[in-house]
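Student: Here is my input, please return the structure:
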Amino acid sequence: MLVNIGIAIVVALALFLIYVASRPAAFVITRSSIIPAAPDKVFALVNDFHEWDSWSPWAKLDPQCKNTFDGARSGVGAKFAWDGNNQVGSGHMEITVSHPHESIKLALVFSRPMQATNETVFDFQPEGKGTRVTWTMSGTNGFMGKLFGIVMNCDKMVGGQFEEGLENMSRIVTSGS
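Tutor: Presented below is the predicted three-dimensional model:
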């Protein structure tokens with residue numbers, strides 16, 4: 001009887017591991033919002049890492065986070081690294097493409113709590129009296145990322161943070177601060 005229960009547990013675990021391994025590796029998380037400002041105003045908030053604390057949803061999760069800046073002040077070659085609490089983790093990013101008032105591409109590397117390398121893109125398109133800002137992060141999940149994705153809805157969690165960041169940008173450009 002115990003042997004049969006043990007075999008059933010091993011088979012169930014093996015099937016679960018096969019299921020996790022078969023999940024898609026590639027992911028894309030994207031959110032978009034119309035911000036009531038010209039593209040150059042919103043672009044400036046993203047193109048300069050020194051401005052990120054004013055709108056980033058992660059900045060207020062750890063006010064003691066250690067941030068460092070390197071390379072160019074803004075645009076291509078600007079680098080930003082952070083080392084914070086468990087909610088923020090640690091990592092670094094670099095602007096690899098910067099088309100003024102149109103798009104910014106970042107190489108994003110997480111070191112903690114999980115290791116990952118992703119691409120992040122911000123697109124700025126004039127729309128009506130404002131700018132449609134689209135924030136996209138894409139990458140590939142390893143086994144642990146796939147396992148985490150079964151337990152947590154990463155699109156909803158990270159997408160919610162993107163929505164908060166876009167709302168913060170809108171608040172900044174409309175308040176003038």
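Student: which other helices and strands contact the least confident helix or strand in the chain by mean pLDDT?
Tutor: When each helix and strand of the chain is scored by mean pLDDT, DSSP states H and E, helix 143-151 comes last, with a mean of 72. When contacts are defined as 3 or more Cβ pairs under 8 Å, 6 or more residues apart in numbering; DSSP states H and E, helix 143-151 sits against helix 2-22. In this view, the C-beta of every residue, glycine as well, is placed from N, C-alpha and C.
Student: got the angle between the helix it packs on and helix 143-151?
Tutor: 100 degrees (axes from the mean of the first three to the mean of the last three Cα atoms, to 10 degrees).
Student: buried stuff in the helix or strand following helix 2-22?
Tutor: Next in sequence after helix 2-22, counting helices and strands by DSSP states H and E, comes strand 26-35. By 16 or more other Cβ atoms under 10 Å, the buried positions in strand 26-35 come out as 27, 29, 31, 33, 35.
Student: What separation is there between the closest residue to residue 141 other than its chain neighbours and residue 98?
Tutor: Excluding the flanking residues, the one nearest residue 141 by Cβ to Cβ, 6 or more residues apart in numbering is residue 25, at 5.3 Å. Using Cβ to Cβ, to the nearest Å, residue 25 is found at 29 Å from residue 98.
Student: before we move on, back to that, just send the buried residues of strand 26-35 back as JSON lines, with distance to residue 90 and pLDDT too.
Tutor: Shown next, in JSON lines, are those (distance: Cβ to Cβ, whole Å; pLDDT from 0 to 100):
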{"residue": "27", "distance to residue 90": "21", "pLDDT": "84"}
{"residue": "29", "distance to residue 90": "20", "pLDDT": "90"}
{"residue": "31", "distance to residue 90": "24", "pLDDT": "97"}
{"residue": "33", "distance to residue 90": "28", "pLDDT": "96"}
{"residue": "35", "distance to residue 90": "29", "pLDDT": "96"}
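Student: What strand or helix carries the residue sitting nearest the centre point of the chain?
Tutor: Nearest residue to the geometric centre of the chain (Cα atoms, centre = their mean): residue 137, 5.6 Å. Applying DSSP H and E as the criterion places residue 137 in strand 130-140.
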